Every structure is written in structure tokens, then in C-alpha cells.
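Peer 1: just coords:
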Ligand SMILES: Nc1ncnc2c1ncn2[C@@H]1O[C@H](COP(=O)(O)OP(=O)(O)OP(=O)(O)O)[C@@H](O)[C@H]1O
Ligand SMILES: Nc1ncnc2c1ncn2[C@@H]1O[C@H](COP(=O)(O)OP(=O)(O)OP(=O)(O)O)[C@@H](O)[C@H]1O
Ligand SMILES: [Mg+2]
Ligand SMILES: [Mg+2]
């Protein structure tokens, strides 16, 4: 209990650090445009203006102009991010397990090759990749963008899963094998133990996919274009609609926030350890 | 579902293009209303798929696609300063064959998109610069007469500052982004000179050149007279607009012509009643300005060139040109339309705009150098350095001159 | 249902220098209950793990029912195993831990439930079925580990010290249950223990190991009564057998052992199997278990001084000093015996062992 | 250096219904070696963990040297502990595992080295010092866990079944080393074991627990000879004490026990302490240890039939049937006794126990 | 035990590997090949094989060297702060307390913010006239006049780095947190008995067992620092003081259209990152768990 005072302080600091910029953005989205450039600064959005949100949600002066593309791009973002997350989870659990638990020829080379791709800048493969995606007929499709994201994020996932499997005592798998579990069943049996690792992979992947900009910009410019790309379109030639962009940004972080809050329960409920008492 | 609608259409063209979908890639300020596009579909049977992207991404997309040998869209935006590069790369369909001479005749700014005798784009946005002033501040500082030369303008700014009317009267951006170059380019013209010679040699190196004086104007304004906000080091073009409309400055020296409507919109602006548009003050009172035209081009790899041409043609009908101006503030290129609008008093800024229009020049009368994009990047980066004090005026100008020389060497 | 298990020349090297198991030969007959004993680190668990297929065999061959299984994965060997460190699934309840092996084998649900509950009852786990292993005491965990094996009906059971964390009562009870299971299923058991009682009462045969090698295999009574060498003699039985230097003379026809100054006449039959070098004197090691030493008052035996008295309840261990040698005797509790006391000790001459002082091999 | 440890009314609730420990009172004197025994799951580890400060005390108070330590963190209690599940640091070598506690206390390097090597030698770990725990056998791990405590010189040692995975020889040897350590440091020991021998030989006192409560505390011999109730009587001693229904009559002045049809005359002194209800007949439970049952040929005692014979080497356990009751006798090995045989059994009347059939409390 | 069933591991890796071959390795090979040519997107017909000429030219280009220097500064700044902050965050969130899931969600939020929005958020913080930072610092009396944070030639890089750190820290924290969960509580118990205080437990138990995650976090921090683009480009454009190596690469490949040169530079960046991460792994091997 005595420890909780510094802990509360640190946690508050962390929350402040994470939240303050976002709060500021929320403030920006809730102020009438003209109030953004008045001094003294308004720390609280008064007068409150819901105009940006009304416009975004199709109940404002701009009708459905913004709402329809917003809705579509949100759907695109959700579909591609979720798809990527599931695919990355699948691939990285399988490969991570293989790299952690099996001895096989070329293992280090294979692992090295896969991990090296983490260091590649997106630009370095963009143009050849563009040709490939077009040849596959996947340009501007959910499948195309999901596959590209997957190829970009799975290597990190593999690494995280390998490390997660490495920390599980081998005895548990041994027990499963002796009990007659097939390799697939064995993997399934210990899977609950790597849930924190999987949640980390899922969170990382979902959020990375969610905030991608350059790749979807080039590879899914329109039909499959995500919210990140849409937001840039609120930039005008002579003025940037900061309020609208901020509001869209706030809306854009709601789905990932929900995902993270849902997943975080599993991230912190480690099964390997009991609670540490103070 | 599409076919049903199109059979309803009485137009002849509907048959030829029926079922065609036209991809159009444009920056946000061209976000045509669905109703307008529906009209086009009704007329021609062509369905328009409009992709809107911010300016930089737009360029990235166009470059990536073209480099990959794929059309980024069937119609794309084209900037005046990409002409050299895109023309050389052969990424654009020459449009001469698709439009007759009469068509070009009416477009005053057509030559900006000419590459080796071929029109590789049709102008759409006739962007040029004017000067906006906040006449209340001028009045408060006791200045009655509007400035007509750059030096007068500077003097007025100093007076306004000294009188305590406004801390930083002169608004210019100094970030390392595109908009930063505009005031220098414009002032170079205003000082009666050019940036580059016929052979693309730098003309701004010597201290008495227009280019040098223009830069001196800006840097001294910032450093010596302190009439420019030091914050402008972080300003982009839009920040200048935002500050001006918030009443945070007295002079928007290189303002978009289209901003009149913005500055006079009470929902956006605090200076509705005090803003005034004037011609860009020029040496000896001779105002000059240059156009930053945007056009529409058809990528060479497009598979729907006919339909694309049809779309461009449709946008250039007099009704639509006028409509684009009224709805979206896209300043027309068509001489006939400008005259018509001026006559009907629909041109904001009224008389001034009409007077300015004939003075619009090309920044590079000799044609846009192929390396213009590099030069522009180097220019705004250097201006940003000078503004921050990381380079002196002379160092900066010499560096820019050297850059041009180097670029000339490397690109035969 | 049972299987014959054969290990032929099995070796296991974890590192190049010291094999954990070397040249290990063992035949476990169908339905046999073979107990593996040996000091800590001698390779017992390693043997079990190799039989289970969890550890590769460095050299040698393992056969189950005459099929070479070196490359058969554990899941296909039809064995159940109790791990020394339990290896419970931390995320599963006790019930699920126990049911797991049956589920893997697609046993019908109702049967799983029946068997798990039955075994849980036997092991006194029924009130814990819903708990996670984390919330169990050490002994409870061990019982779950045991239960996980006991619900299954495999051809071979491998058990690695399955009762080490249980108290005496529970251990006796569970021992009986394991034997019952063995009787019922007639499966083959390979059972590691360090508990004398378990080893003696459960095994049809005992294999005594040392440093990765087998020292002796035989029925419990055989190993106890006729240890092959000093190591086995010392290892089996607690307290350990007493070893004393002795000289054997048989010149007069009657063999006489001289031990610590006493002369003991032994029966000629006892030295009959001895390959005596010549018929002169011979140096030997005499072994006698603490149970077969009796204090006999002041005189008439080996004279000792009581050093330490360990009270064990109904009996006690006397640690006695004879010159530089120590002798331990296990006797009924007699509160009159005190440390420091001196008296003579006799040994049951029918229960002595003679060993070669060099090789340590039994001479009988 | 030693400390007095007092637990006052200590309770531990993991869940609201069943306390793991309840109303636990214990005083461990300075330099005492107190052994805690009890069936699996009775709360022994929980007690140790509360004393160590690893588990919060639900109610009650723990004092070390009269200082209330309920809220003192473990690192400030100056204790060393051997965990039942070892809790070795997987990333440290054996050496580092053992040295860690000393390092944390800023012991000079050379001293650390000396102590670690000394203890490693005692525990036969010296060849393993560079290994990681993962590469150790079960018993080796346990010895490392023990060594980690033994290198330290704290005021209190807590040991939770520290020898359970060792073979008999090593156990005897290590037991002696722990006692030596106790003697040398004069620290206070709280020692959990399920091993009869350890409990009897090591403890200055034994505390017998059941379901979180203390049943009896006393010297080993006391607990063995005068168990407070049937539970203690049955728990201490292996094989377990035999319990038989009996009737006591003392009308004639001479108390007579009738057990299973036999009439046994006992000394009046034995029933003197009994609070006999009236002087009529009384139903009792008679307890007698297997060691005090003797087969006496065909007649002259309780008539039994041998059911099972367990050979233990030098002795054997006879499981016998008397009507519906079972009797176990522990006798010297006699190969003539076979299952199915019938004979009479006598008991040492000086070694019987009488219990109240309702409360189970000893009546003596 | 390592199972040596020959085919299974390959089967497990195959799906991922096929995907990578198609979408990463094959394009990468083309890129490597292109980097040895003189491909200029503006003049697609003029392609020659030039060997390492692009690489050599890049290594001597002052603009590239300047950008590389900036990127190294970003790298040092952000990796050190991210790792430290990540550990602090992970440690403070490892224990149960009420509302932890919500706080975890909040902590991760910055990373969910689309890059464009992120830079807008910070524009309104750094803004010289209407920014939060100036206002707060003035109110706290820590500065006496408004600063142009992003216009300062010496410190603008730090401010940009801060934005990047803000966005990256959640990722690092999550990785650490996931690893922390796998450390058995009993080890801490043993350490406390052994007399270790919190700091010593951290040093001797947490840190060594956190190492795999630490290496991943270091690697990711390094990769993202060298890949830094959006924050720089949106906040300060191409300014020399903050221009990162990726911005330089972008300018070369997509503005000057010197494609081969751009690809060569992106490969150089890759190699630098790989060299650093190789170094981390060597460090990590010293004391493998
Ligand atoms: N974390 C926990 N949560 C719930 N119940 C627990 C927990 N830990 C222990 N218990 C229960 O508390 C009781 C006492 O446990 P403890 O570990 O003290 O037993 P023990 O006497 O050490 O037994 P053993 O000899 O088997 O180790 C047991 O019934 C056990 O199931
Ligand atoms: N993974 C390993 N790497 C290296 N050596 C090992 C490994 N596992 C075990 N050993 C060594 O092999 C020997 C035999 O170990 P094993 O576990 O079979 O012993 P054991 O007979 O089961 O002992 P115990 O009774 O202590 O459990 C020991 O000396 C041990 O240190
Ligand atoms: Mg073992
Ligand atoms: Mg316990």
C-alpha cells in the first residue's frame, strides 16, 4: 500500500503525457474555427461547437458530404486492420512456434531473412510492389491492402511470438505430447499461455495497420481507402480545416481504443504469475 | 444498375461511353459535387470516380504509378512546375490532337503547359497572386495612400509597427515547404526582374539584381525591421491566411486571388470589413504577378483517353467554368469567362482583379526548367535556413546560384 | 494392453564429456512393475524421458513391443507419464488437467468425466477439481500430476518420483492405489523413486543405477539380500549398511573373520562361493545392516561407544564409534541407552555381506 | 543471531469459506529447530510464506523478536527460505543462484566465493556450479535451492520440504549438514517435512497440523508416545497406528479391555488419568502401533488372518484381517509367514493408547 | 527438447514465407538491382548499369550526410527515451489496480493516431502564437517570451523527436509489458527473501528476463527512428536542421525522380539499421537466458 503513492504519481504522469496532446486535439475539434486563433488560449472548449462532429456524422450543414466517405473509409480501415491482425496472428503464431520449438536446417537463415525485412523502408519496395499488386489484380482492394500489411507486420509478429513461446516451459508441451496431443493440439494447448504475446502482436498490428498512410495511399487510393487517407483530404488549398481534421482524428481513434481496451485485459492477466503482493 | 440509368439518358454520347468509368485524381479543392458529376454522367454515360488526395500525396501517387508504368488515373491534376519533368518522362498524353485550336485560343494561360510544342495539360485553376492589406491598420498608422512599390510597402509596414498598431504587419511564410518560395518569386517579378535567364542561368546572384533585392526585402523584413513575425519560420501558406484573417497582420503580400471570399466570410474571418485587395506593388509602380497554374492532364498509360478528353472538354464548357468559380472558387482561365464575370460584377475584388489579370506572367517565360522541382526544394529549404539565421543572405543567395549552376550541368 | 519395453545400449550425452546415461540395457517385461532407483543426478529421469520420446537417444535403441521407437513421436507411443516437476497446465483447472489426455484421445465425454472423478476421489482431489494449479499446495499439485496419468489406460506408465511430496499416510494409501491400477490394467510400469519403502514394496524388480549405468537388477528382496556390490548394498536400506574392514582366515578349515579386534566364526557355506586367493589370509570388506546389529551388554561382541542416539519413535538409531569406524544400529527404542555409554555389539552372522575391497564387488 | 518467532491467532483466507490457516498460535524459541508436519494441503507452506512475508496475514499477528512484522517486507525480515518448488533463477548459474542472497547483502566477494564453494561441496554440487538450473536433475535443483539458503546466515531459516527429492543416502547426509548448520549458527529453524525420520530426528519440537490448525506441539518423542488425539497418533509413525474399537470394564477394580473378542488386563495406572464416566462399561478406541504387535503362534492373542505381506528388506509389514478390522504389524523379516496364514497376535500392553470415540481425544 | 520432425517446421513457416517472397523479397531484389543502375524516373529510356556509383555519390553528398547526422540524433534521442519510458510505463502497469485496462488503453492511444492528425495535434502545441507549450511555459514562468519551437536551428530536431517518441512509446511499452507478464512471481519472492530491494530485483531479475523484449524494442526503436518521415515532413518540411534521412530519400526518389539513387539510399538506411540491430543481438548474447 505504501508503494501506491509513487505509483499513482507515475501513472498520472503517464496518463497526462499520453492524453494531453489528444485532449488538446479534442479541444481543437470542439472550438469554433475562429476561436483557434484568439488569445488568451482557451483550455476548455467554450463556446462549444459541435459543428465539426455534426458535419462528420452527416447531421450538419454539409449533409452527407463528409459522412459517406467517412463511413466508407472507417469500414475500409476496420476491415483491413482486422483482416491484417487476424492474418498476422495466424502466420506469426505458426512461424513463431516453429522457430521457437523446432530444430531444422536453415532455421537461423530463415529467421534472419524474415527479420531483416523489418528494417526495410516502405519506399524501398514500393514501385516494384505496385507492379506486382496490379498484376495480381489486387490494387485498391481489401485483399491487396491486407496482404501488403501482413507482409509488412508479420515479421515483427513472428519475432514476438518466438520470444513468447521461448518463455513457456517446454515441460508443458512435453506433457501434452505424452498425453497424446498431435503437434497441432500441442500448439493449441499452450496457446493460452502465450496470450500476452498474442495480444501484443494483435495490438501492435491492429494499430500499425490502422495508422498506415503511405501504403494505402498508393495501394488503395479509393475504394479501399482508409480513414488516414481520408483525413488528409480535409486539407484545402488556402486553409486547413484543423477542426474537422481533429474531429475526424478523434473519431478515428475510437475503434482502436475499443480494440485496445478489449485486448488489454488479456495482456495484463498473465497466467504464468500470480499477483505480486505489495 | 448503372445500365438502366444510362439507357434513360437521351444524349448521343451516352451510347459511345456507356459503362465507362473514369478515374479522376485531384487535390481536395476540386471536390466536385456529386450532383455536378451526375450531370456529366447523364450527358455522356461516363461515370466519374473522383479520388481526392492532398497535394503531396497526389504527386507521390502520380509519380509512383507512372514510374511503375501504370496510369495513376485517367485524368490527373498537373502543376505548372511539373511540366518539365513530366514532359521529359513522357507520362502525359499530348492533348493537341484531342482539342482543336479554337479551344486553346480562349485559354489565356495555355502556354504554361506546353512541352516541346505539345500541350500536356489543359489549365483549370488560374491561380495568381495579389496583395491583401488590412486598411484599418493602415488607417490607424496614419497611412492613407496604398503602397505601389515594394519599398513603399516595406516603409508602410515599418510605420505600422512603429505606431504600435500591429507587432508584425507583414505576413510571409518561412517554413521549408512549397509556399515559402512564392513571395520571393513574386517580389522578384515586382522588382522588375526574372529569376533565370533564357538559358536558365541564375540572375539573382548580384546584389543589384531583382532576385537579390526581393530576397533582401524578405530577410531584412524579418531580421532587421522585424516587421515579419519570427513565428513565420514555422508558417506554411495556410498559416499566413489564418493569421491574416485573424487580424494578426496588416499585409498578405502574396495572397491567393481566391482568398477574397474567405477574408470576407464572417464565419471565418475577423477582418471582414477591413480587408482590401490591391495589385502587387511593383518597382516604379509597375505591378507584375505570375501564375501558379494547375491543369488537367491525361496520363499516357490511361485506357480511357477518349472519355478523359470528354471530361476535360465538359469541364471547360463556359457554364461549367463559371460554375466552378462560383461554387469552388476555381479561378477561370477562359478569357471570355473572365470578361463575362467582370462585367457581371461577379469577380470579387472587382476592378482590381480585372486590372491584375492582364499582368499575369509566367514565372519562367523561357519554359519551366526540367530541374525546377529540385530548385524549388532547395529554394525553400535555403530560405528557411536564412530565416532561422543558419545562413546569411549572401550565403543563401550564393548557395542558390550554385545550385542552379550545378543543376544545369547535371541535366543536359 | 501391456507392452514389452527394451532399451539396448542406450546412451545420452548432454555434453561431450560426461554421458548422463551410458550403455544402458534394460528389458521390462509385459505388465512388469520396474522400479528405477539411484542417487540424485544418476540419469533416472533421463531414461524415462527417452522412453517417452521427450529426449533424443544419443546412441542405442529403444523398442516397445519389438518396434524401434527412437523416432516415434511421444504422442504415438501410448504412454502416460508423471513428471518429476509435475508440468501441470497452469491455465487449466485440475479437472481439465486430468481430462486432457483423454480428450486428446477422443474419449467420450461421459467416460472422461467418470474416470476423472473416480481418480480424483482416490487421490483426495475431488474438492479441488475447479482450482487452477497455482492455488494448490505442493502435495496437491503432485497428486494432480499423478491423477493425470492415472486416468489414462496406456500400455506403459512412466512415473518420476510421483509421491515425493506426500506425507506418509497419503503415500501409503496412494501406493496401494497405484498397485491396484497396475493390477487392473496390467500395464507396464517404469517407476522412479528414492523412497525405500516404495522401491521395496511396489517393484516386481528394482534396477539400481549409478552415474548413468545399471548396477544391479533383481527382485526387491534379491537386491536387498544379495547386493551385487558395495554401492548397491549401501544405497538400498536405510540407515545404510555398515562397512567394516575385515580379514578372513580359513586355514584351519573353519573360516574366521577378524573385525575390529573381534574374531567371528562364520559358516563355511557362507564363504563357499568366495573365490579365495590361495587359502591364506585375505583382506575384505564386511557389510552388515543396522538392523542386524544387537547391543549385548558390556562384553561378548565388538566394543563400541554410543555417539549419537537418534530417536525415531518406536525404534532408534544408535551411531556408535569403534576406533575410527562408525557403526549404526537400528534397535527398538530403549530409553536406557544414552550417548557416551559403552557396550558390546553382536551381529547376525547369517546376514553379513563380504565385498572385494578393490572392486567393491560382492564376494558372495 | 537467532530470533524468537511468535505467531498469534494467525489466519489465512484464500477464499472466504475455508481458511488455509486458522487461529494458529505458535512460539518458536530462539535457536529452536521446529518441525512442522501435517497432511498435504494442511497449510504448512502457507505458514512459512506468511512468516517470510510473501503472503499477507488475513488476521492475527506475527512477531519476530517481539517486533510485529506483519507489514515488514520480506527483505527486511532477515530470513532464508527454501521453497517447496525451488524457485531458482532460471537465468543464473548454480553459482550465481547461491551467491545472489549474499551479493544483495553486500558480502565481500571473497567471502561469497568461499561460502558458496563450501556449501556446494557439502551438497555435492561443486561440479555443477556453472550450469543453469534448466540443465539439472530434480534432486540437483532441490540441492541448489537448499544451498541458496545455506550460504546465508540469517536469524531464521524457513525450509519447505527441502529434501523431498533426494535419495535416502543423500538425505541422511544432508540432514546431518543442516543440523550442523543449525548448531553452528544457532539460528531459528522452521522446517516443513513429510518425512518421519526427518521430523523425529531433527526437530527440537514438532508441531502437527491438520486443516490449518495445530493439533499438538511437543518434542518428537512426546508426540510419538503421547499423541494428543487420534489424528496425531495416526499421522506420526509409519505404518500408521492401528485403531480398534474396545470396551473398558473396571468394575472389578482391575480394568479389563475387551478388544475383538479378547480380554486384555491392563494396569490400573494406565487408566488412572482417564475420566471414566461412572464405573460401568465404557466404549473406547484402542490404538496400538504396528511395532508393538507380535505374532505368537496359533493361540493366546487376537486371532488374525494374514492378508498381505509387504517385504521391506530387513523387516516386513503384515496386513491382517480381524473380523471387519484391519491390523498392521511390523516385524523382522520371516520368510515363513505367508498370506492366508492364520495366527494370534499379542500387543505390548505398555504401549497402548486409548481415545474417546466421539472427540478422538486421547484419554491418557 | 527440440523435435526434429523434418517437414513440420517448414510447413509452419511456408505461408508467411511465400507471402514475403512475393511481396517483399522479390520486389527487394528488383530494388537492389535498380540501385545499381542510373534509372531516373523522369527519363525512363536512359538506363545504364553503374555499379556502386550511386552509393559512392550518396556517401559524399553533403545533403545526405547532413540528413544522416540528423537521423543519428533522432535515433539516439528517441531510442534512449523510448526504452526508458517504455520500461517505466510497463512496470507501472504490470500490477493489477482498478482501471488498469482503461489506463492501458489511454497509454496506447497516441499510437492509434493517424500520422496526419498527430502532426496537427502537435502543430497546436508547438504553434508559436497559439500553441499550448508556449502558453503553459509562460504561465509557469519558465520562459519569458513566446518561442518558435520548430524554428530553432539547434533544438527543432528535439521537438520533432519528441513527437516521434510520443507516438512510439506505447509500442515499446506493450512489448515490454507482454514480456513482463511471463516472469514468474516466485522469482521475485525468492529475490525478496534473498534480501533484494525493488531496485535490485529489477536489476537482477526483471532486466535479464526482459532482455528478449528489450532487444525487440531496441530494434523497433531504431527502425522507426531511421524510418522517421511523417512527423518531420509535416512539422518542418524539408528544413535542413530536422531533415531526416528518409525525407532526403523521398526528395531524391520522388521529387528529383532519381529513382536508382533513392533506392540506393533506402538500402543504405537498411544496412545501417541492420548493423545496429546486429550489434544489439551480440550484446544480448553475452548473457542469454
Ligand atoms: N493461492 C492459493 N489460492 C487458493 N488456495 C490456496 C492457495 N495456495 C494454497 N491454497 C490452499 O491452501 C491450503 C494450504 O496450502 P499449503 O500450500 O499451505 O499446503 P501445505 O501444507 O504446504 O501442503 P503440501 O504438503 O501439499 O505442500 C491448500 O488446501 C491449498 O489448496
Ligand atoms: N538439459 C540438460 N543439460 C545438461 N545436463 C543435463 C540436462 N538434464 C540433465 N542433465 C544432467 O544429466 C544427469 C542426469 O539427470 P537426470 O535428470 O536424469 O537425473 P535423475 O536421476 O533424475 O536425478 P534426480 O533424482 O535428482 O531427479 C544429471 O547430472 C544432470 O545434471
Ligand atoms: Mg529426476
Ligand atoms: Mg507445501
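Peer 2: The structure has been received and is ready for your questions. Being a predicted model, the structure only gives us computed values, none of them experimental. Ligands and ions are numbered 1, 2, ... in the order given.
Peer 1: quick one: whichever residue of the stretch 51-200 of chain A sits closest to ligand 1 from residue C:90, how far?
Peer 2: Going by C-beta to the nearest ligand atom, ligand 1 is nearest to residue A:193 of the stretch 51-200 of chain A, at 18.5 Å. Glycine gets a C-beta too; all of them are placed from N, C-alpha and C. Residue A:193 is 7 Å from residue C:90, where distance means C-beta to C-beta, to the nearest Å.
Peer 1: who's in contact with the residue nearest to residue C:77 when sequence neighbours are not counted?
Peer 2: Distances taken as C-beta to C-beta, 6 or more residues apart in numbering or on different chains place residue C:53 nearest to residue C:77, at 5.5 Å, with adjacent residues excluded. Residue C:53 makes contact with A:177, A:178, C:69, C:72, C:73, C:74, C:77, according to C-beta atoms under 8 Å, 6 or more residues apart in numbering or on different chains.
Peer 1: I'd like to know how many residues surround the fifth one.
Peer 2: It stands for residue C:73. 15 (other C-beta atoms under 10 Å in any protein chain shown).
Peer 1: what does the third one give?
Peer 2: When counting by other C-beta under 10 Å, one arrives at 22 neighbours for residue C:69.
Peer 1: and if you look at the last one?
Peer 2: Applying other C-beta under 10 Å, we find 23 residues neighbouring residue C:77.
Peer 1: ok, now which ones touch it?
Peer 2: So residue C:77 contacts A:178, C:52, C:53, C:64, C:69, C:156 (C-beta under 8 Å, 6+ apart).
Peer 1: if we go to 7 Å?
Peer 2: By C-beta atoms under 7 Å, 6 or more residues apart in numbering or on different chains, the residues touching residue C:77 are C:52, C:53, C:64, C:69.
Peer 1: wait, the last one touches residue C:62, no?
Peer 2: It stands for residue C:69. Yes: counting by C-beta atoms under 7 Å, residue C:69 touches residue C:62, with 5.4 Å between them.
Peer 1: one step back: ok, the contacts of residue C:77 vs chain B, which is closest?
Peer 2: residue C:53 (53.5 Å; C-beta to the nearest C-beta).
Peer 1: in contact with the residue nearest to residue E:123 when sequence neighbours are not counted, which residues?
Peer 2: Leaving aside its sequence neighbours, residue E:123 sits nearest to residue E:235 (C-beta to C-beta, 6+ apart; 7.0 Å). Counting by C-beta under 7 Å, 6+ apart, residue E:235 makes contact with E:119, E:122, E:150, E:160, E:163.
Peer 1: what do you get for residue A:118?
Peer 2: Residues near residue A:118 by C-beta under 7 Å, 6+ apart: A:155, A:156, E:219, E:223.
Peer 1: can you tell me the SS state at the second one?
Peer 2: Going back to what we said before, that points to residue A:156. Following DSSP: H, G, I helix; E, B strand; the rest coil, residue A:156 is assigned to helix.
Peer 1: if I look at it, how far off is residue E:220?
Peer 2: In terms of C-beta to C-beta, residue A:156 sits 7 Å off from residue E:220.
Peer 1: of the two, who's got more company?
Peer 2: residue A:156 (26 against 23).
Peer 1: per-residue pLDDT, that one?
Peer 2: On pLDDT, residue A:156 comes in at 95.
Peer 1: ok, residue E:5 next?
Peer 2: With respect to pLDDT, residue E:5 has a value of 64.
Peer 1: for residue A:175, same thing?
Peer 2: 90.
Peer 1: just give the number of residues close to it.
Peer 2: Around residue A:175 there are 30 residues (other C-beta under 10 Å).
Peer 1: tell me, how many residues neighbour residue 167?
Peer 2: This is for chain A. There are 23 residues near residue A:167, going by other C-beta under 10 Å.
Peer 1: nope, chain E please
Peer 2: Residue E:167: 25 neighbours (other C-beta under 10 Å).
Peer 1: run through the stretch 1-150 of chain E and note the low-pLDDT ranges.
Peer 2: E:1-5 (pLDDT under 70).
Peer 1: what about the helices in it?
Peer 2: Secondary structure of the stretch 1-150 of chain E (DSSP state H, counting those that start in this stretch): helices located at E:7-20, E:26-35, E:53-60, E:62-93, E:100-112, E:115-126, E:132-139.
Peer 1: repeat for the stretch 101-250 of chain B
Peer 2: Going by DSSP H, counting those that start in this stretch, the stretch 101-250 of chain B shows helices at B:101-105, B:135-140, B:150-162, B:181-190, B:210-223, B:237-245.
Peer 1: ditto for the stretch 1-150 of chain A
Peer 2: Using DSSP H, counting those that start in this stretch, helices in the stretch 1-150 of chain A cover A:4-30, A:51-56, A:64-101, A:107-116, A:123-135, A:142-166.
Peer 1: tell me the contacts of residue E:94?
Peer 2: E:177, E:180.
Peer 1: nearest residue to the closest residue to chain B within the stretch 1-150 of chain C in space, please, no chain neighbours.
Peer 2: Nearest residue of the stretch 1-150 of chain C to chain B (C-beta to the nearest C-beta) works out as residue C:91 at 46.7 Å. Once flanking residues are discounted, residue C:91 sits nearest to residue A:192: 4.3 Å by C-beta to C-beta, 6+ apart.
Peer 1: doesn't residue C:26 lie inside a helix?
Peer 2: No: going by three-state DSSP, the assignment for residue C:26 is strand, not a helix.
Peer 1: what sits against it?
Peer 2: C:7, C:207, C:214.
Peer 1: turn those into TSV, including neighbour count and secondary structure.
Peer 2: As requested, the contacts of residue C:26 are exported to TSV (neighbours: other C-beta atoms under 10 Å in any protein chain shown; DSSP: H, G, I helix; E, B strand; the rest coil):
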residue	neighbour count	secondary structure
C:7	21	strand
C:207	24	strand
C:214	20	strand
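Peer 1: from those residues, which is closest to residue B:315?
Peer 2: Of all those, the one with the least separation from residue B:315 (C-beta to C-beta) is residue C:7, at 88.1 Å.
Peer 1: how about the closest one: what's its closest non-neighbour residue?
Peer 2: Using C-beta to C-beta, 6+ apart, the nearest residue to residue C:7 is residue C:26, at 4.4 Å.
Peer 1: still on that earlier bit, tabulate the contacts of residue C:77 (a markdown table), appending pLDDT and secondary structure.
Peer 2: As requested, the contacts of residue C:77 are exported to a markdown table (pLDDT from 0 to 100; DSSP: H, G, I helix; E, B strand; the rest coil):
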| residue | pLDDT | secondary structure |
| --- | --- | --- |
| C:52 | 94 | helix |
| C:53 | 92 | coil |
| C:64 | 95 | strand |
| C:69 | 94 | coil |
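Peer 1: since that was my last question, I'll sign off now.
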